[in-house]
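> fold the following, please.
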Amino acid sequence: MEFQCNDATIESTLLPHKKLEEIIHAQTSIARLGINFGAILKEAAQQSQKLTNADGAVIELIEGDEMVIRAASGIASDYYGVRRNSANNMSSITIKSKQALIANNTENDSRVDQVSRAAIGHRSMIVFPLFHENKVVGVLKVVSKKASFFSMAELKIIAYMSELVASTMFHAQYYAQDELFRRATQDELTGIANRALFMDHLQQNIAHARRDDSKVAVIAIDMDDLKVLNDNYGHHIGDKALQTLAARFLDKVRSSDTVARLGGDEFAITLSPVDGKQSAETVVTNLINSLDQPMQEDGKEFKLGASFGIAVYPDDTDDLDELLEIADQNMFTNKRARKKARI
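I've put the predicted structure just below:
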């Protein structure tokens, strides 16, 4: 018996109280995985197999013109990651019809891909569509080595599980958006703001300062001897030094201030609001003092240092680009003075 199932048929199917409790337990175990999408799909496949007493389960997602197995359990475990064209098989029929399918004799079912059926070894199967934002984005399957194994009860269970997977995909989409925003605004190595976010915050700070008749300070920072660390001790030591500077600088400013890595050995900080240059100089003194303690790594001590330059809006200039230039010039002046003092 092979048939197609509509929502009303599934909805009218009742499950025993004990089975509902098992479904709730399965959903709870999946929810505990948070936003780890891959782990959630894997757990959903395993729980679907367990709840239906099947021999295997698969979650296939549409990726371009292909169907990709993104989770697999039981007798289908070896097929994780397999890609295939969206041919005329039960997955594609389910996607087009947007309805669940049951095949109780897959060996003689023309809708079934016989090559993959023989490889996996199933004789009956449920295929359920996965919806995301009113579109079918994939399928959830359970398979059995026995013919005529599945009933409407198992289909109802898979309906519950598919809703959970769809909900997970909804949250994963928003997480992915957050992740893209993070990647676009944070320095990957140190986790602090990058140049784009720094410039955005500085523009906002100056706009507020204009309205409030307040002041904003910019601190330009150039780390000492990054190339020496990379060349003599390896890039992992240079990376660790950059991370250490970022962490120590963050510890010495307010939540309203922005610490950023602009690239390479360059950092910058916005202080907003600030009373004036003297207040900014106090912050710089604290930043310098934060570098007094050497960095410990690989059983060695590494001395940290940096040059600093300050510019204050609107005392030095009311132009953003000029403000940054003045801070840079003052930083280079400080750098030359420090080199001269060491000679």
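> I'd like to know how far residue 261 sits from residue 324.
For residue 261, the distance to residue 324 equals 15 Å [CB to CB, to the nearest Å]. C-beta: built from backbone N, CA, C; applies to glycine.
> so which of those two has more stuff around it?
Set side by side, residue 261 and residue 324 show more neighbours around residue 261, with 27 against 19, by other CB atoms under 10 Å.
> the more buried one: what's its closest spatial neighbour, skipping adjacent residues?
Excluding its sequence neighbours, the residue lying closest to residue 261 (CB to CB, 6 or more residues apart in numbering) is residue 187, at 4.2 Å.
> what are the contacting residues of the host helix or strand of residue 241?
Using DSSP states H and E, residue 241 sits in helix 235-250. Helix 235-250 is contacted by residues 187, 189-192, 221, 223, 226-227, 229-230, 259, 261, 265, 267, 269, 287, 290-291, 295, 297-298, 302, 304, 306 when judged by CB atoms under 8 Å, 6 or more residues apart in numbering.
> mind listing what's buried in it?
Residues of helix 235-250 classed as buried by neighbour count (16 or more other CB atoms under 10 Å): 237-238, 240-246, 248-250.
> now stretch 238-246: mean pLDDT?
Mean pLDDT, computed over stretch 238-246, is 96.
> so how far is it from its chain's centroid?
23 Å (CA atoms, centre = their mean, to the nearest Å).
> show me where this structure has helices.
Secondary structure of the chain (DSSP state H): helices located at 7-11, 17-31, 37-52, 90-97, 114-120, 152-185, 195-212, 226-233, 235-250, 277-290, 320-342.
> comparing those by mean pLDDT, which bottoms out?
helix 7-11 (a mean of 50).
> mind giving me the domain split of this structure?
2-170, 195-342 (automatic domain parsing).
> same list, these, but as JSON lines with distance to residue 182 please.
Shown next, in JSON lines, are the domains of the chain (distance: least, CB to CB, whole Å):
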{"stretch": "domain 2-170", "distance to residue 182": "13"}
{"stretch": "domain 195-342", "distance to residue 182": "10"}
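> pick out the most distant pair among the buried residues of helix 235-250.
237 and 250 (20.6 Å; CB to CB).
> for the residue nearest to residue 261, phi and psi?
When read as degrees, to the nearest 10, the backbone of residue 187 gives phi -70, psi 130.
> could you do residue 75 as well?
Reported as degrees, to the nearest 10, the phi and psi values for residue 75 are phi -70, psi -10.
> just give the closest residue to it, not the sequence neighbours.
Residue 75 sits nearest to residue 56 (CB to CB, 6+ apart), 4.0 Å away.
> same thing with residue 313?
Excluding the flanking residues, the one nearest residue 313 by CB to CB, 6+ apart is residue 216, at 4.5 Å.
> now do the contacts for that neighbour.
Residues in contact with residue 216 (CB under 8 Å, 6+ apart) are 202, 205-206, 209, 270-274, 312-313.
> how much space between it and residue 103?
In terms of CB to CB, residue 216 sits 68 Å off from residue 103.
> same question, residue 307
72 Å.
> who's more crowded, the two?
Comparing residue 307 with residue 103 by other CB under 10 Å, the one with more neighbours is residue 103, at 26 against 20.
> residues contacting the more buried one?
With contact set as CB under 8 Å, 6+ apart, residue 103 has these partners: 2, 90, 109, 111-112, 124-125, 127.
> could you work out the most separated pair of those?
Greatest spatial distance among the contacts of residue 103 (CB to CB): 111 and 124, at 12.7 Å.
> who has more neighbours out of the two?
In terms of neighbours (other CB under 10 Å), residue 124 is the more surrounded of residue 111 and residue 124; the figures are 25 against 17.
> distance check, the more buried one against residue 274.
For residue 124, the distance to residue 274 - CB to CB - is 72 Å.
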